[in-house]
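K.L.:
Give me the fold of what follows.
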Amino acid sequence: MKIVIFQPMLKQYRVPLFDRMGQMLNDKGHELRVVCGTPPKHELSKGDNVVSNLGVCIVEKSVWLFSGKLHILYHSVRHILWADFVITEQANKHLHNYILIFLRVIRLKKFAYWGHGQNRQGSPRSWREKIKKKLSTQCDWWFSYTEGVANYIASLGYPASNITVLNNSIDTSKFKEVLSAQSEEDVAAFKQQLAIDEDARIGLFCGSLYSEKKIEFLLQSALDIYESNSNFVLLVVGSGESRSLVEEFASRYSFIKFLGPLFSEKKALAFKSAELFLCPGLVGLAILDAFVAGLPLFTTDIPNHSPEIEYLQSGYNGEMTMHLQAEYSRVILDVLSDPTRLNGLRQNSLTSGDKFSIGNMAQNFVDGIQSHFQASI
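P.N.:
Now for the predicted structure:
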């Protein structure tokens, strides 16, 4: 079977997934092409896009119109005609999706959607979301990011038997290696450089600094925690539009350490120094880095989390509180004062990190393709 996966652009973090899938499918006698577009200008500035062919990935030219609301991928029809089965991102903007819908209606092609079902950061009442909802069931198979996405798609009337749950992930293997390479002496030296006491209780935020991450909520909560536990230290790693706010707090309070963006060994040392991962705002794939490092995640119940929030089991590998600063701070203080509870959360986080791996995601993807193939015989 010849399989095409369409992507609007090729992100570096997706390459290991597609490489694994290409090899796994090849071993089963199938051929995979991942056909990607070129990113629009605002995406190029992020520096995380691949713009040339790589492995099973083919990069074709894209045209982005109407501020990114319409995506035209060159040669998409040629790849559709080559394929026996097409998998495409569930999004209104892709012109090739409408071609696939038409070809499916006249019984010339079968295709699948993959994605997160709905825009959690958008309005469900918008006309774009209404169209997306209507078209979500017009395909032959579904690859959902998470179990919750699968449940949502099934609630629209789509057959659950035709849905494969991927458990969306990233390749954390290199980060694991870097973490394991950092010795206790390295961690001690890292703390010493930051003037952090050896017995400090350290919480870590690592990610982009913008409003949906609730950075001010995080900083104010840190003040509450420190007021009750003067050994508490907050490390903030990352950059973004809220950077100046973090710098202001860090200049006023010595227990808040702003480290800016960190990579490789420095990032690993920040994770190994900490006991908790604090992100009261939007949670996405950063949850996997936290779990791989054995850091339970502490967040709040807000409506715009990414689907990966489902990997959090409150009370098992972290805690989710109401979006109230006093409660968030209190729960963190309670965990810090209970070594047995904290150790349990940390161990369970490591277990979750193994469960939601890129290897498992690749296997789920390939198993779903196989299931579709068997069902269509």
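
K.L.:
Could you count how many residues lie near Lys104?
P.N.:
Careful, residue 104 is Arg; it's not Lys. By other Cβ atoms under 10 Å, the residues close to Arg104 number 16. (Glycine included, C-beta is placed from N, CA and C.)

K.L.:
just checking, it is part of a helix?
P.N.:
Yes. The assignment for Arg104 by DSSP: H, G, I helix; E, B strand; the rest coil puts it in a helix.

K.L.:
From Gln138, how far off is it?
P.N.:
The spacing between Arg104 and Gln138, counted by Cβ to Cβ, to the nearest Å, is 7 Å.

K.L.:
Then Ala195?
P.N.:
When Ala195 is compared with Gln138 (using Cβ to Cβ), they lie 59 Å apart.

K.L.:
pLDDT score assigned to Ser251?
P.N.:
pLDDT, Ser251: 98.

K.L.:
Check the gap between it and Ala326 for me.
P.N.:
Shown here: Ser251 relative to Ala326, a distance of 25 Å by Cβ to Cβ.

K.L.:
same deal with Ala91?
P.N.:
According to Cβ to Cβ, Ala91 and Ala326 sit 40 Å apart.

K.L.:
Please state the offset of stretch 220-235 from the chain centre?
P.N.:
Stretch 220-235 sits 28 Å away from the centroid of its parent chain (Cα atoms, centre = their mean, to the nearest Å).

K.L.:
Break down the stretch 151-300 of the chain into its helices, ranges please.
P.N.:
173-181, 184-193, 215-228, 243-252, 264-273, 286-292 (DSSP state H, counting those that start in this stretch).

K.L.:
what's the most buried one of those helices?
P.N.:
Looking across the helices of the stretch 151-300 of the chain with neighbours counted as mean count of other Cβ atoms under 10 Å, the highest average goes to helix 286-292: a mean of 24.

K.L.:
Could I get the CA-only coordinates of that helix as PDB?
P.N.:
The C-alpha trace of helix 286-292 is given here as PDB (Å, rounded to 0.1, in the frame of the first residue of the first chain):
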ATOM      1  CA  ALA A 286       6.000  20.400  27.500                       C
ATOM      2  CA  ILE A 287       4.300  18.000  29.800                       C
ATOM      3  CA  LEU A 288       6.400  15.200  28.200                       C
ATOM      4  CA  ASP A 289       9.700  16.900  29.100                       C
ATOM      5  CA  ALA A 290       8.400  17.300  32.700                       C
ATOM      6  CA  PHE A 291       7.500  13.600  32.900                       C
ATOM      7  CA  VAL A 292      10.700  12.400  31.400                       C
END
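
K.L.:
So which elements touch it?
P.N.:
helix 173-181, strand 276-278, strand 297-300, helix 339-355 (3 or more Cβ pairs under 8 Å, 6 or more residues apart in numbering; DSSP states H and E).

K.L.:
quick one: contacts of that helix?
P.N.:
Outside helix 286-292, the residues that touch it by Cβ atoms under 8 Å, 6 or more residues apart in numbering are 169-170, 172, 175-176, 179, 206-207, 271, 277, 279, 296-297, 308-309, 311-312, 317-318, 349-350, 352-353, 356.

K.L.:
What's the PyMOL line that selects buried ones from these?
P.N.:
Applied in PyMOL, the following selects the buried portion of the contacts of helix 286-292 according to 16 or more other Cβ atoms under 10 Å:
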select buried, resi 169+170+172+175+176+179+206+207+271+277+279+296+297+308+309+311+312+317+318+349+352+353+356
